[in-house]
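Visitor: prediction below, plus the sequence it came from.
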Amino acid sequence: MKKIKILWLFGLLAVLLLTACDKKDIVADNPYGTLVVVSSSTPNFAPSAADFTTGSITFSWSSPKYSNDSLTSKYIIEIDSTGRNFTKGITRTLIGKQSLAFTTKEFNSILQAFGMPFGTANDIDVRVTSSYGNNNEQYKSGILKIKVTPYNPVNFAKGADISWVTQMEASMRKFYNAAGTEMECFALMKSLGFNSIRLRVWVNPAAPGWCNTADMVAKAVRAKNLGLRVMIDFHYSDSWADPGKQTKPAAWVGQTVTQLKSSISTHTTSVLTALSTAGVTPEWVQVGNETNNGMLWPDGQASTNMANYAQFVLAGHDAVKAVFPTAKVIAHVSNGFDGGLFQWNIGGLIANGAKFDIIGMSLYPSAGNYANYNNQILANMNDMVARFGKEVMVVETGFAANNPTVAKAFLTDLIAKVKIVNDNKGLGVMYWEPEAYNWQGYGLGAFDNTGKPTAALDAFQ
C-alpha cells in the first residue's frame, strides 16, 4: 500500500510538470516574472563642453508583465552615490514606462547635488523596483554601477584683488615666488593659479591718486596682457566704501537724487570708456562695494530709502551695459553667511527695479568659525539662486596670514562649495589683497613677511 501511494505521488508530480512545460506564456502570464534588469545608455558619464547642451543619458529596464491586461506596471528608479545605500539620492516613479532620460545638463546638476567635485571620477548606483497594478508584491533589480565625472560648465573664476600693487611697488615692495625668485606681481598671481584680477576705482582720491581711473587702467592693462580676466569694482567714493561708511565723493555732495544718478552714470561711463580705449574689456563690473545698507549716504541708505539705493544701482548698471554690453554687473553685499541680510538687501533692490546679473559676497572668517561660515554661505548662495535666479560669486575673502595651514583648508572648502552651488550658478572666489605683506597693518593677506606666497594660496592651484 505504501508503494502504491508513493507511485501515485510521483505520477501526480509528472502530470504537473508536463502541464507546466506545455504552458507557452508562463513569463507573460506572471506579472512579476524574473528579476528586473536595468541598463544605461553609457557606462561612463563624462560630458564635455560640446555634450553639455545637447547630450543625454537614458536608463532602461526590462520586467515581464501581462501582455493582455489593462493593469499597468509601476517602476521606481533610484540613483545615489555608491556607498550611501540609496538614502540620499533621487527617486523617480513611472507608470508603464521602462526608461527614464535626463539631459546631460539635468543629470550633471543631480551629480552636483550629490556633492561630487567637478572633473573627478565617482561611482553611482542605480536600481529599479517593479510592482504591478494594486498588488503590493515588488521585485528589485540588481544594482547597476556607473562611472561619472561631473562637468563644470562655468569657467570658474579664481581671482585676486591686488589694487594695492602699484602703491606697494612705489614703496619698493618686491614679490617673490616660493623659491625666492623675484617676480612681477601679476605674473606671480598667474603662476599661483589665479585667472582673474579685481581692481577698485575711486572717484577723486587724494594725491597721488592711487586707485583713480588712470591707476586702475594701468593695472587692468597689465592683467589683460597676461591673459587674466578683469573685474572692476566701483566704490562711488573718493576713498573706501564698505558696510561702515558709504561717503559721497566730495564733488557730489549737495546733489539731488536725480543729480546723483547722473553723476553715477557719468563717472561709470568715463572710467569704462578709458578702459575700452586702453583695449581692456572687463568681464564683470561691480556697481558699489559692500553696500549692506546702500550707497551714497544718506540719500541711498537702504534702511531709510531702498528705492533710492535701487535707482543708484540701476544707474550704474545701465552705464556699464552702454559701454560693455556683455559685462556682467554685480551687486555686492558683505557677510555672505547672513542670509537674512541678503534676503532684505537683494530682495529690496529687485522689488524696487534695480538691475544686475550677479550677487557678490564677502566672507572673512576666523579659524574658529570658518567651517560654519562656509556652510552658511553655501546655504545663502543656494537660497539666492532659488529666490532670485541670480548667479553668485565670492568677490572678497581673506584669512589671517599667520595661519596659512588653516587658511588653505578654509579656502579649499570655500572654493569646493561655490563650485557646487545649484544650477551651476557659483561663478568664483576672489582673495582680497593676498600680496599685502608688512603693509598698512593689514593682516589678512596670504604672503609671508619676506614677500613670498604662503601655503594658503595652494587652494587656487
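Guide: Now that the structure is in, tell me what you want to look at.

Visitor: now A319: how far from H332?
Guide: A319 is 16 Å from H332, where distance means C-beta to C-beta, to the nearest Å. (Glycine included, C-beta is placed from N, CA and C.)

Visitor: how many other residues sit next to the residue lying closest to V37 once chain neighbours are set aside?
Guide: Nearest non-adjacent residue to V37, counting by C-beta to C-beta, 6 or more residues apart in numbering: S62, 5.0 Å away. Neighbour count for S62, taken as other C-beta atoms under 10 Å: 16.

Visitor: thought L349 was touching A331, still the case?
Guide: Yes. With contact defined as C-beta atoms under 8 Å, A331 counts as touching L349 (6.1 Å).

Visitor: joint contacts of the two?
Guide: By C-beta atoms under 8 Å, 6 or more residues apart in numbering, A331 and L349 have these common neighbours: V313, F356.

Visitor: what about the helices in the chain?
Guide: 2-22, 49-52, 104-113, 165-170, 185-191, 213-225, 257-277, 306-323, 339-351, 370-388, 404-419 (DSSP state H).

Visitor: and among those helices, the most buried is which?
Guide: Ranked by mean neighbour count under mean count of other C-beta atoms under 10 Å, the helices of the chain are led by helix 306-323, which reaches a mean of 22.

Visitor: where does the stretch 301-450 of the chain dip in pLDDT?
Guide: Applying pLDDT under 70 to the stretch 301-450 of the chain flags no residue at all.

Visitor: need the longest strand for the protein.
Guide: strand 122-132 (DSSP state E).

Visitor: just the angle between that one and helix 104-113, please?
Guide: 110 degrees (axes from the mean of the first three to the mean of the last three C-alpha atoms, to 10 degrees).

Visitor: which stretches of the stretch 1-150 of the chain aren't confidently modelled?
Guide: Those would be 1-35, 49-50, 53, 63-72, 132-137, if you go by pLDDT under 70 across the stretch 1-150 of the chain.

Visitor: run the last query once more with 50
Guide: Within the stretch 1-150 of the chain, the ranges that satisfy pLDDT under 50 run 1-34, 66-70.

Visitor: what does stretch 47-56 contact?
Guide: Outside stretch 47-56, the residues touching it (C-beta under 8 Å, 6+ apart) are S41, A101, F102, T103, T104, K105, F107, N108, Y151, P153.

Visitor: residues near the second one, how many?
Guide: A count of nearby residues for A101, using other C-beta under 10 Å, gives 12.

Visitor: kindly report the same for the first one.
Guide: Neighbour count of S41, defined by other C-beta under 10 Å: 12.

Visitor: now it: closest residue in space, sequence neighbours ignored.
Guide: In space, and not counting its chain neighbours, S41 is closest to T58: 4.2 Å by C-beta to C-beta, 6+ apart.

Visitor: equivalent analysis for the fourth one, please.
Guide: Distances taken as C-beta to C-beta, 6+ apart place S56 nearest to T103, at 5.3 Å, with adjacent residues excluded.

Visitor: the second one too?
Guide: For A101, ignoring the flanking residues on the chain, the nearest one in space by C-beta to C-beta, 6+ apart is T58 at 4.3 Å.

Visitor: do the same with the fifth one
Guide: Residue nearest to T104 in three dimensions, not counting chain neighbours: G55, with 3.6 Å by C-beta to C-beta, 6+ apart.

Visitor: the one you found and A371, how far apart?
Guide: On the measure of C-beta to C-beta, G55 and A371 end up 36 Å apart.

Visitor: please apply the same query to M384.
Guide: In terms of C-beta to C-beta, M384 sits 21 Å off from A371.

Visitor: before we move on, what about V38?
Guide: 38 Å.

Visitor: can I get the contacts of stretch 47-56 in a markdown table including distance to W432?
Guide: Listed next are the contacts of stretch 47-56 as a markdown table, based on distance: C-beta to C-beta, whole Å:
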| residue | distance to W432 |
| --- | --- |
| S41 | 46 |
| A101 | 45 |
| F102 | 39 |
| T103 | 38 |
| T104 | 36 |
| K105 | 33 |
| F107 | 36 |
| N108 | 31 |
| Y151 | 30 |
| P153 | 27 |
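
Visitor: ok, P249 - how many residues close by?
Guide: 20.

Visitor: shouldn't it be in contact with F234?
Guide: No. Between P249 and F234 there is no contact, the gap being 11.2 Å when judged by C-beta under 8 Å.

Visitor: can you give me phi and psi for the nearest residue to W297 once chain neighbours are set aside?
Guide: Once flanking residues are discounted, W297 sits nearest to Q246: 4.7 Å by C-beta to C-beta, 6+ apart. In terms of degrees, to the nearest 10, the main-chain angles of Q246 are phi -140, psi 70.

Visitor: OK, contacts around Q246?
Guide: By C-beta under 8 Å, 6+ apart, the contact list for Q246 reads Y236, S237, T291, N293, G294, M295, L296, W297, G300, Q301.

Visitor: filter those residues down to the ones in strands?
Guide: Per DSSP E, the subset of the contacts of Q246 in strands is empty.

Visitor: out of those residues, which comes closest to W432?
Guide: T291 (16.2 Å; C-beta to C-beta).

Visitor: would you mind giving the helices of the chain as CSV with distance to G428 added?
Guide: Putting the helices of the chain into CSV (distance: least, C-beta to C-beta, whole Å) gives the following:
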stretch, distance to G428
helix 2-22, 67
helix 49-52, 18
helix 104-113, 16
helix 165-170, 20
helix 185-191, 14
helix 213-225, 15
helix 257-277, 20
helix 306-323, 18
helix 339-351, 18
helix 370-388, 12
helix 404-419, 7
